[in-house]
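J.: could you look at this predicted model? Sequence included:
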Amino acid sequence: MASVPPPLRIALCTVTFPSHQAWAEGYANHSRHEVCILRVSGDRWKWRMQCDSLPLTEELNRKGPWDVIVLDGMLDASPVCAKIKKDEKTPRVFIYMHENQLTTPFVEGDRDVKHNMHWHYGCSNWRSIFCVDGTFFNSQAHFHQFSKALPDMIKQQCPKDCVDWHLTQSAIVLREKCRVLSCGVQLTDILYVTFQKKETIKQVEEKVKVPVVIWNARLEEDKCPELFLEVLLSLRGILKSQFNIIVLGHDPSHDQLWHAKFKNEFGDSLLFVGFCAKRQDYIYWLRRGDIFVSTAQHETFGLAFIECCASGILPVVPTHLCYSDVLDEDEFLYDSKQTLLTRLENLMRLCMSSKSEDIERVEQLRASVKKKAACYDWPTVSLRYDELLQDLGLHKPFNEIIASAVNESNSEDKFSESRIPIEIKHAGDDRIELYKPKSLRNHKRFHLQRQAIMNAHLAKYGSHTGEQAVPMVHGGRRIVCRMLDAIRAAHGKTEGRDMVENSSRGTIIAKPISFLCTKQLYMECLADYFKDESVDKRDEQISVYVTQKEIIDEIRGQKVNTGDAILCVMTFPLSTDLEVLLRKPPFVILDDVRNSENLGSILRTAYCLGITSVIATPTSWGSLRDTRASRCSMGNIYHLQFHLCNAPLPHVMETVKSFGIKLYGAELDSRSKCIHSHGPNRNWGLVLGNEDQGISPAVASACDELVMIPQFAGDSLNVGHATAISLFELGKEHWEFKSPN
């Protein structure tokens, strides 16, 4: 069996521009490899670009040996390639292009532009990408711009006797040695927002909404702040109503001219102007924004744009730059000044509207941009970097390694990639860290992978679902098959086995993240599911890992039955709104029932008796996620719907009772009556208490009636057995039983 690849020693050489440093530090903090950052000052960048690779090479040799060296695109790579030590093995050298000197605009009055010498820095880029083992660009748009500009520069500047050679070689290098590898961004502190109780549409309608427009960039020529100001002034005349603005960004102009202009034009409507030195202040102002506008003429990645999207701010951005790598909605993109004004006006009116359908549309758009931005969070992106550099460090051919953009899920033709099984050849493979028990896992790797899943979940479903975002491992053939049956049922397809009528239709309570199984069980259990076009799996991006049964044993640290060698990492359960659940009585209400096996038994009985609505306290919710609950329920747990009580349970019970539901509490008490039939209707619920303490006094007081099962001897029945008897007795006048055959 193959051994686990050891961590690589990676030298990350970066220029001290803020965004470049943030990239280097972000990867170093999240990588499983040993990443050492070597910094080169960003002042006098022209000299640094041409000559500072010489002392850098000495530093690399002194601190080596290295497996991989990654150079900032602002440095000349040719001295490093020529002079790096070649001891036991030669390190592979790569470039990361944050920007390039062929398409990046020079400042007005630059002496090299004046004397037509600025193309020399583009030559340095060409020399570097020719020498190194491979080059990464931070966005597809950036790579496209450079690929067009390089042959144009060669045609304009190269002597005629060698122009054909340079054009031929540049085409080969761009095709075989250049790939897109998007930046990571620190988003966790933005995605995890302190959440206040969700307001109803009625409450929102009663508010006077004043939308807030954000500028989030340097106030410099290439960002075109004059167009932003001009459009806002035009918009003020069109709307005839108030809106506020926030200007986040450094103003390098003399006497901070741009800051003064915004203050003069907008006065009290200008909520903030300036650069936030503290990140917590920056995030505070981001969270107050509704619409983000970019009027940039040049942008290769758009870190501030990603941060705004992660905050749920609706963007209005130019089509021709890197933003279209992330967004495909027309309402966010513009290609002219008039289109910019139209897009901004439409979004402004939408944000100001008090109509319920407009409020819902705004929330949908915000959720969409947050989900797309979450793909760039470092816990997610670092996994791609690690895997890629591991392969490159092992000297695999660069042109055989696919390093597509992180936002590949935006492309319709790439959904099929997640359906192709990935073979796991050893138990130490980093990609299956979540499947390992505590005693065997790499804890740093485990938490990074789990955090990436939680970030994606919170971006899609909202920060109020934090308790539901923690991924869990469930396993076993029956369990996985019934979970997939439940997903099909939610999509309206219930072939294969009988379901309780409308039990889970339209409501997904389990989200598979990845599967790990033998090839045989993939064919028997999963292949048909991924071929099933009635189930829309495009949002899920599910990974499927296949391996030998012996490797699964090693991953789990125990022998797994051959027929059960199929595991799934999933987020489960997802909470259903109480208003939705109240349409489907009767109910099982769990007051701190802790034992997962008891829960599985209770819910198996409930499902078999036609009960699909469950309300649970946070204590019971944690036990529901345990794979033992799903196993003891024989997989029927996935066909139920759950509501997580974030409010005290007695308060939730009062809401339930206000809908005409009678609540019975199962409790041995002097006030308890003998269990009896509720009657012919289904408007009832049964409250079950903790195995040791029973129902809490406050919950007992909120019950309409306490009931108990007469006993001849013993202290009490097991909660699972008591539930079976109680549910049957309460509902026996309205059950519609089916033959088990």
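T.: Noted; the coordinates are in hand. Residues are numbered from 1 along each chain as shown.
J.: ok, Thr518 - contacts?
T.: Shown in contact with Thr518 (C-beta atoms under 8 Å, 6 or more residues apart in numbering): 546-549, 552, 562, 565-566. Every C-beta, even on glycine, is put in place using the N, C-alpha and C of the backbone.
J.: next one, pLDDT for it please.
T.: Thr518 carries a pLDDT score of 90 in this model.
J.: show me what counts as buried in the helix or strand containing Glu654.
T.: According to DSSP states H and E, Glu654 maps onto helix 649-657. Within helix 649-657, the residues that count as buried by 16 or more other C-beta atoms under 10 Å are 649-650, 652-653, 656.
J.: check the offset of stretch 352-363 from the chain's centre.
T.: 25 Å (C-alpha atoms, centre = their mean, to the nearest Å).
J.: got the buried residues for stretch 254-271?
T.: Here stretch 254-271 shows 258-259, 261-262, 266, 269-270 as buried, counting by 16+ other C-beta under 10 Å.
J.: and these as JSON lines, adding secondary structure?
T.: Output for the buried residues of stretch 254-271, formatted as JSON lines (DSSP: H, G, I helix; E, B strand; the rest coil):
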{"residue": "Trp258", "secondary structure": "helix"}
{"residue": "His259", "secondary structure": "helix"}
{"residue": "Lys261", "secondary structure": "helix"}
{"residue": "Phe262", "secondary structure": "helix"}
{"residue": "Phe266", "secondary structure": "helix"}
{"residue": "Ser269", "secondary structure": "helix"}
{"residue": "Leu270", "secondary structure": "strand"}
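J.: so where's the chain uncertain?
T.: 1-4, 85-88, 192-209, 399-420, 456-469, 491-508, 533-541, 735-741 (pLDDT under 70).
J.: on that earlier part again, neighbour-wise, which one of the contacts of Thr518 leads?
T.: Ile552 (28 neighbours; other C-beta atoms under 10 Å).
J.: just to check, that one is in contact with Asp564?
T.: No - with contact defined as C-beta atoms under 8 Å, Ile552 does not count as touching Asp564 (9.6 Å).
J.: can I get stretch 431-447 in PDB, CA atoms only?
T.: Written as PDB, here are the backbone C-alpha positions of stretch 431-447 (Å, rounded to 0.1, in the frame of the first residue of the first chain):
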ATOM      1  CA  ARG A 431      -9.100  14.500   0.300                       C
ATOM      2  CA  ILE A 432     -10.700  12.000   2.700                       C
ATOM      3  CA  GLU A 433      -9.600  13.500   6.000                       C
ATOM      4  CA  LEU A 434     -13.200  14.000   7.000                       C
ATOM      5  CA  TYR A 435     -13.900  10.300   7.000                       C
ATOM      6  CA  LYS A 436     -11.300   9.500   9.600                       C
ATOM      7  CA  PRO A 437     -12.000   9.100  13.300                       C
ATOM      8  CA  LYS A 438     -10.400  11.400  15.900                       C
ATOM      9  CA  SER A 439      -7.600   9.000  16.700                       C
ATOM     10  CA  LEU A 440      -6.400   8.800  13.000                       C
ATOM     11  CA  ARG A 441      -7.100  12.200  11.500                       C
ATOM     12  CA  ASN A 442      -4.800  15.100  10.800                       C
ATOM     13  CA  HIS A 443      -6.700  17.700  13.000                       C
ATOM     14  CA  LYS A 444      -5.500  20.800  11.100                       C
ATOM     15  CA  ARG A 445      -6.500  19.300   7.800                       C
ATOM     16  CA  PHE A 446      -9.800  18.000   9.200                       C
ATOM     17  CA  HIS A 447     -10.800  21.400  10.500                       C
END
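J.: name the surrounding residues that touch that stretch.
T.: 32, 383, 387, 422, 424, 430, 449-450, 471, 473, 514, 516, 543, 545, 555-557, 567, 569.
J.: report the two of the buried residues of stretch 254-271 separated the most.
T.: In terms of C-beta to C-beta, these reach their longest pairwise distance at Trp258 and Ser269, which sit 16.3 Å apart.
J.: how many neighbouring residues does the closest residue to Gln242 other than its chain neighbours have?
T.: Spatial nearest neighbour of Gln242, excluding adjacent residues (C-beta to C-beta, 6 or more residues apart in numbering): Val210 at 5.6 Å. For Val210, the neighbour count with other C-beta under 10 Å is 13.
J.: how near is Val210 to Asp268?
T.: Val210 sits 11 Å away from Asp268, going by C-beta to C-beta, to the nearest Å.
J.: Leu640 and Ile129, how far apart?
T.: Leu640 sits 57 Å away from Ile129, going by C-beta to C-beta.
J.: which residue ranges of the stretch 51-200 of the chain form strands?
T.: Remark: strands assigned in the stretch 51-200 of the chain by DSSP state E, counting those that start in this stretch are 68-72, 92-97, 134-137, 178-180.
J.: distance to Glu691 and mean neighbour count added to these, as CSV?
T.: Output for the strands of the stretch 51-200 of the chain, formatted as CSV (distance: least, C-beta to C-beta, whole Å; neighbours: other C-beta atoms under 10 Å):
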stretch, distance to Glu691, mean neighbour count
strand 68-72, 54, 25
strand 92-97, 56, 23
strand 134-137, 56, 25
strand 178-180, 55, 20
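J.: any chance of a markdown table for these, columns distance to Thr103?
T.: As requested, the strands of the stretch 51-200 of the chain are arranged in a markdown table below (distance: least, C-beta to C-beta, whole Å):
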| stretch | distance to Thr103 |
| --- | --- |
| strand 68-72 | 17 |
| strand 92-97 | 11 |
| strand 134-137 | 11 |
| strand 178-180 | 15 |
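J.: those: which one's closest to Cys703?
T.: Closest approach to Cys703 among the strands of the stretch 51-200 of the chain (C-beta to C-beta): strand 178-180, 60.2 Å.
J.: and Trp215, what element?
T.: Judged by DSSP H and E, Trp215 forms part of strand 212-216.
J.: ok, what's across the strand from Met570?
T.: Beta bridges link Met570 to Met472, Pro512 when assigned by DSSP bridges.
J.: tell me what the helix holding Glu654 is packed against?
T.: Counting contacts by 3 or more C-beta pairs under 8 Å, 6 or more residues apart in numbering; DSSP states H and E, helix 649-657 is packed against helix 578-581, strand 587-590, strand 613-616, strand 662-666, helix 697-702.
J.: tabulate the ones you listed (TSV), appending distance to Asp67.
T.: Output for the helices and strands packed on helix 649-657, formatted as TSV (distance: least, C-beta to C-beta, whole Å):
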stretch	distance to Asp67
helix 578-581	53
strand 587-590	52
strand 613-616	49
strand 662-666	62
helix 697-702	59
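J.: tell me the most buried of those?
T.: Each of the helices and strands packed on helix 649-657 was scored by mean neighbour count; the highest is strand 587-590, a mean of 27, by mean count of other C-beta atoms under 10 Å.
J.: buried residues of the next helix or strand after it, list them for me.
T.: Next helix or strand after strand 587-590 toward the C-terminus (DSSP H and E): helix 596-608. Going by neighbour count (16+ other C-beta under 10 Å), the buried part of helix 596-608 is 596, 598-608.
J.: closest to Leu232 out of the helices and strands packed on helix 649-657?
T.: Closest among the helices and strands packed on helix 649-657, using C-beta to C-beta: helix 578-581, at 40.4 Å.
J.: ok, and what's touching the closest one?
T.: Under C-beta under 8 Å, 6+ apart, the answer for helix 578-581 is 507, 587, 613, 615, 641, 643, 652, 655-656.
J.: and if you look at stretch 132-142?
T.: Against stretch 132-142 from outside (C-beta under 8 Å, 6+ apart): 71, 73, 77, 81, 92-100, 128-129, 143, 146, 173, 177-183, 300-302, 320-322, 324-325, 392, 398, 403, 405.
J.: what's the span of it, first residue to last?
T.: Start and end residues of stretch 132-142 are separated by 19 Å (C-alpha to C-alpha, to the nearest Å).
J.: quick one: it to chain centroid distance?
T.: With C-alpha atoms, centre = their mean as the basis, stretch 132-142 stands 23 Å off its chain's centre.
J.: next: stretch 368-380.
T.: 5 Å.
J.: ditto for stretch 693-711
T.: 42 Å.
J.: thinking Ile487 is in contact with Ile509, fair?
T.: No - the criterion here is C-beta under 8 Å, and Ile487 misses it with Ile509 at 9.3 Å.
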